[in-house]
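In: fold the stuff below for me.
(one chain, ligands or ions: 1)
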Amino acid sequence: MKINGKTRICGLIGNPVEHTLSPMIHNTLAQALGHDMVYVPLLVEAGRLKEAVAGAYALNLLGLNVTVPYKSQVIESLQEVDELARNIGAVNTLVRTEGGYKGYNTDMEGLYRAMTGEGIRIEGEQIILLGAGGAARAVAYLCAVKGAAKVYLLNRTLDKAQAVAREVNHAAGREVIVPMLLAAYANLPAGQYLAIQGTSVGLSPHVEDVVIADETFYEKIHTGFDLIYSPWETRFMQLVKANGGRAYNGLKMLLYQGIIAYELWNQVTVPEADVQVVYEKLKAHFTRTD
Ligand code: ATR
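Out: Residues are numbered from 1 along each chain as shown. Reported below is the predicted structural model:
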């Protein structure tokens, strides 16, 4: 990669940022597609987010990704916010426009593209969503927007599931999210479900943990999608497979949130062959360090 007077800069703001794989995604794409762009991690200390966004704009940065803990807080520093990101209340991608940055949520579009690519449908589906934290809340919005028939939102703390359901149902204008206590999973109506695992349970190094251990639960699951990608195969995924379902990890979601951000910044469509190159690099990283 040759840096010159015309090289455009993109980066990731967050705290911490040192474990990010986004530079691998974006610099690989820039090289493969011949774009004069470089992507770097940019650590932003607590209390300095506003300054950082204004400074990035003043320095002519083309775009930014935003990670923990700034995905919601960054909204007040933006010129404009895309509708899905506004509803979710979280932004992970800033795109330079006249007068300021516009915010998007490519995490959710990325999840949608990852699912579509695997032939997983949301529209018309009966879905079980495990968790009601930041990630699960965004998935609940996505499912509502993309036309899920019903989403049973199971959480250890019922209050949180109820709060998410109230909010998403209100925004969707229909009773699509049904909050339930995690421990009451046996009360789920009979049927076959797509299950999305949106809690932090099972994340490396706690690879033996799983949010529901009872095998009978997994008999109801035709497809399991875990947002976790480290370990490569979570206990949740193993249980889905052991009971005859198909299971996917969250790596393609990570991949596609990056692809979509890259497309927004460079106003291109990334060819599938280049997506595959990046995927193989990411996969090698995780299968090597497991
Ligand atoms: P994120 O932003 O990644 O979603 P979060 O907002 O901290 O993280 O949410 C974590 C989710 O994992 C929550 O749904 C949490 O359940 P509670 O709302 O009851 O806290 C869930 N979670 C974490 N540890 C859990 C455990 N041991 N058993 C069940 N659920 C758990």
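
In: mind listing the helices for the stretch 101-250 of the chain?
Out: Using DSSP state H, counting those that start in this stretch, the helices found in the stretch 101-250 of the chain span residues 106-117, 134-145, 158-172, 215-218, 235-242.

In: to residue 92, which of these lies closest?
Out: helix 106-117 (5.1 Å; CB to CB). Glycine gets a C-beta too; all of them are placed from N, C-alpha and C.

In: quick one: buried residues of the closest one?
Out: For helix 106-117, the buried set under the neighbour-count rule, 16 or more other CB atoms under 10 Å, comprises 106, 107, 108, 109, 110, 111, 112, 113, 114, 115.

In: can you lay out those as TSV showing distance to residue 86?
Out: Output for the buried residues of helix 106-117, formatted as TSV (distance: CB to CB, whole Å):
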residue	distance to residue 86
106	14
107	14
108	12
109	14
110	17
111	18
112	17
113	20
114	22
115	22
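
In: now, the most widely separated pair of the residues you listed?
Out: For the buried residues of helix 106-117, the maximum inter-member distance is 14.3 Å, found between 106 and 115 (CB to CB).

In: circling back: highest mean neighbour count out of the helices of the stretch 101-250 of the chain?
Out: helix 134-145 (a mean of 24; mean count of other CB atoms under 10 Å).

In: the ligand contacts on the stretch 51-200 of the chain?
Out: With the criterion set to CB under 6 Å from any ligand atom, the stretch 51-200 of the chain comes near the ligand through 131, 132, 133, 134, 135, 136, 155, 156, 157, 160, 199, 200.

In: how about the secondary structure of the nearest residue to the fourth one once chain neighbours are set aside?
Out: What that stands for is residue 134. Computed as CB to CB, 6 or more residues apart in numbering, the closest residue to residue 134 that is not its neighbour in sequence is residue 90, at 6.7 Å. The three-state label for residue 90, taken from DSSP: H, G, I helix; E, B strand; the rest coil, comes out as coil.

In: any idea how far residue 90 is from residue 20?
Out: 17 Å (CB to CB, to the nearest Å).

In: that older thread, format the helices of the stretch 101-250 of the chain as CSV; extra columns: distance to residue 192 and mean pLDDT.
Out: Conversion of these to CSV gives the following (distance: least, CB to CB, whole Å; pLDDT from 0 to 100):
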stretch, distance to residue 192, mean pLDDT
helix 106-117, 16, 96
helix 134-145, 16, 94
helix 158-172, 22, 97
helix 215-218, 11, 97
helix 235-242, 12, 98
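
In: format the ones you listed as TSV; extra columns: distance to residue 82.
Out: As requested, those are arranged in TSV below (distance: least, CB to CB, whole Å):
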stretch	distance to residue 82
helix 106-117	9
helix 134-145	12
helix 158-172	15
helix 215-218	36
helix 235-242	31
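
In: could you measure from residue 62 over to the ligand?
Out: In this structure, residue 62 lies at 27 Å from the ligand, with CB to the nearest ligand atom, to the nearest Å as the measure.

In: count residues in the vicinity of that residue, would you?
Out: Other residues within reach of residue 62, judged by other CB atoms under 10 Å, total 19.

In: who's in contact with the closest residue to it other than its chain neighbours?
Out: In space, residue 62 comes closest to residue 8 once its chain neighbours are excluded; the distance is 4.3 Å by CB to CB, 6+ apart. By CB atoms under 8 Å, 6 or more residues apart in numbering, the contact list for residue 8 reads 35, 36, 37, 38, 61, 62.

In: could you flag which of the residues you listed are buried?
Out: 35, 37, 38, 61, 62.

In: out of those, which are inside strands?
Out: 37, 38 (DSSP state E).

In: got the buried ones among the contacts of residue 8 as CSV, with distance to residue 172 and pLDDT columns?
Out: As requested, the buried ones among the contacts of residue 8 are arranged in CSV below (distance: CB to CB, whole Å; pLDDT from 0 to 100):
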residue, distance to residue 172, pLDDT
35, 38, 97
37, 37, 98
38, 40, 98
61, 35, 98
62, 34, 98
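
In: residue contacts, residue 30?
Out: 1, 36, 37, 38, 39.

In: confidence score at it?
Out: As predicted, residue 30 sits at a pLDDT of 98.

In: before we move on, what SS does it have?
Out: The local conformation at residue 30, judged by three-state DSSP, is helix.
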